[in-house]
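Q: the following block contains a protein sequence and its predicted model.
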Amino acid sequence: MKTYVRLARAAEIAALGVVISAMAMVARGWELLPDQLTAPMGAAGERLVAIGGKAFLLWLMLAMLAVYLLLSVFMRFHRLYSYPVRISPQNRENQQQLLKSFISLLKLELTALLAYFICVILLGSIRAYAAWFDLWFFLMAALIMGATAGSYFWLAWRYR
């Protein structure tokens with residue numbers, strides 16, 4: 001179980017680094033941004049789509065910060081959750097550590113996803129850079145988050 005505690009700590013540090021890096025990217029590129037932001041769409045990013053003004057990036061950053069803070073608060077109240085297995089005095093500690101590592105990994109994945117959106121919008125608006133931002137990306141992100149959730153449920157059942 002110590003591995004999961006270390007994994008949770010590493011994911012926490014990485015998620016905080018992602019949030020800080022995304023905010024620094026927006027702060028650094030704010031003056032270079034046009035009034036109308038665009039994002040590349042399509043398999044090769046061949047189509048630029050207008051997505052709104054500069055405030056849209058602020059909303060994305062606010063969403064990323066809200067995800068980070070809400071999941072951090074949820075980690076503190078892990079006793080209120082419904083666990084996928086019955087909690088007994090023998091497995092309580094293991095199940096709590098697994099849940100904390102799962103929430104930490106989910107926090108990292110969600111903040112990284114939002115930071116990627118911010119990066120794509122910045123590069124698409126400033127340099128008309130074609131980044132990967134289409135249906136396949138969303139499917140891959142869903143697969144990664146689904147694999148994380150599936151592995152959590154499997155490990156919770158294994159350490160019951």
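A: Cool, the structure landed.
Q: quick one: buried residues of the strand or helix carrying A24?
A: Taking DSSP states H and E as the criterion, A24 maps to helix 2-29. Going by neighbour count (16 or more other CB atoms under 10 Å), the buried part of helix 2-29 is 4, 7-8, 11-12, 14-15, 18-19, 22, 25-26, 29. C-beta: built from backbone N, CA, C; applies to glycine.
Q: and for I51, the neighbour number?
A: For I51, the neighbour count with other CB atoms under 10 Å is 17.
Q: show me the contacts for the residue most central in space within the chain.
A: Centroid-nearest residue in the chain: L110, 1.4 Å away (criterion: CA atoms, centre = their mean). With contact set as CB atoms under 8 Å, 6 or more residues apart in numbering, L110 has these partners: M64, V67, L71, M145.
Q: pull out the buried positions in the strand or helix carrying it.
A: Applying DSSP H and E as the criterion places L110 in helix 92-126. Neighbour-count burial for helix 92-126, counted by 16+ other CB under 10 Å, picks out 94-125.
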